[in-house]
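Q: Compute the structure for the input listed below.
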Amino acid sequence: MKKIILIIFLITTLNNCGFKIAENKELKGYLISEVNTYGEGRINYQIKNLLSNKSKNNSEKKLKITLNTNKEKKIKEKNINNEITKYQMNVTTKVKFKDDLQKLSGDFTINVSGEYMVLEKHIQTINNEKKLQKNLADEIADKIIEELSDKLNDL
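A: Residues are numbered from 1 along each chain as shown. Next comes the predicted model:
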């Protein structure tokens with residue numbers, strides 16, 4: 001009987017420890033009012049659209065964000081005939097943010113990379129590159145939201 005009571009007691013105390021998983025899918029309490037972009041236009045445009053969709057419109061606190069994005073494309077693999085078969089793309093985004101209401105500001109850098117295949121038709125290779133750019137832009141936007149949530153909630 002004592003074992004059953006002890007097990008029930010342990011289960012109830014361990015289940016109610018108060019631990020919560022931090023949800024960083026969106027910026028809570030902040031509206032991204034202005035996004036200035038420099039560098040790689042296509043990637044910045046996609047990041048800007050994703051960031052504006054993930055911020056709350058009814059918030060009083062407004063953020064100004066500056067993005068400086070650089071894309072570097074390198075040859076990853078060549079075949080026996082010295083023809084390129086894979087490219088690697090590295091995207092570096094420097095993010096600066098500023099909250100006018102509380103006078104908070106900061107900056108951070110995000111690096112992501114991916115690779116794409118070179119196919120027989122040039123248009124297929126270009127489509128592979130565009131898909132990779134879109135995927136990297138999605139990844140960068142998610143990382144920006146996570147980092148901003150961490151930094152703004154800590155302060």
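
Q: only C-alpha atoms for contact and neighbour calcs from this point on.
A: Noted.

Q: Looking at residue 12 now. What's its pLDDT?
A: On the pLDDT scale, residue 12 is placed at 73.

Q: Could you check how far it is from residue 6?
A: In this view, residue 12 and residue 6 are 10 Å apart by Cα to Cα, to the nearest Å.

Q: Give me the contacts around the biggest strand by length in the chain.
A: Counting by DSSP state E, the longest strand found in the chain is strand 61-78. Here strand 61-78 makes contact (Cα atoms under 8 Å, 6 or more residues apart in numbering) with 29-40, 43-44, 84-101, 115.

Q: Check which residues of it are buried.
A: Going by neighbour count (16 or more other Cα atoms under 10 Å), the buried part of strand 61-78 is 61, 62, 63, 64, 65, 66, 67, 68, 69, 70, 71.

Q: Just give the number of residues close to residue 140.
A: 24 (other Cα atoms under 10 Å).

Q: so which helix or strand takes in it?
A: helix 122-154 (DSSP states H and E).

Q: got any ranges where the protein has weak pLDDT?
A: Of all residues in the chain, those with pLDDT under 70 make up the ranges 14-28, 55-59, 153-155.

Q: What is the burial count for residue 114?
A: Residue 114 has 15 nearby residues by other Cα under 10 Å.

Q: what bridges to it?
A: On the basis of DSSP bridges, residue 114 is bridged to residue 89.

Q: Please determine how far it is located from residue 88.
A: Counting by Cα to Cα, the gap from residue 114 to residue 88 is 6 Å.

Q: Check residue 94 too.
A: On the measure of Cα to Cα, residue 94 and residue 88 end up 20 Å apart.

Q: Next: residue 127.
A: From residue 127 to residue 88 the distance is 15 Å (Cα to Cα).

Q: In terms of packing, which of the two has more residues around it?
A: Shown here are residue 127 and residue 88; by other Cα under 10 Å, residue 88 has more neighbours (17 against 12).

Q: Setting the sequence-adjacent residues aside, check what's closest to the more buried one.
A: If the residues on either side of it in the chain are set aside, residue 88 comes closest to residue 115, at 4.2 Å by Cα to Cα, 6 or more residues apart in numbering.
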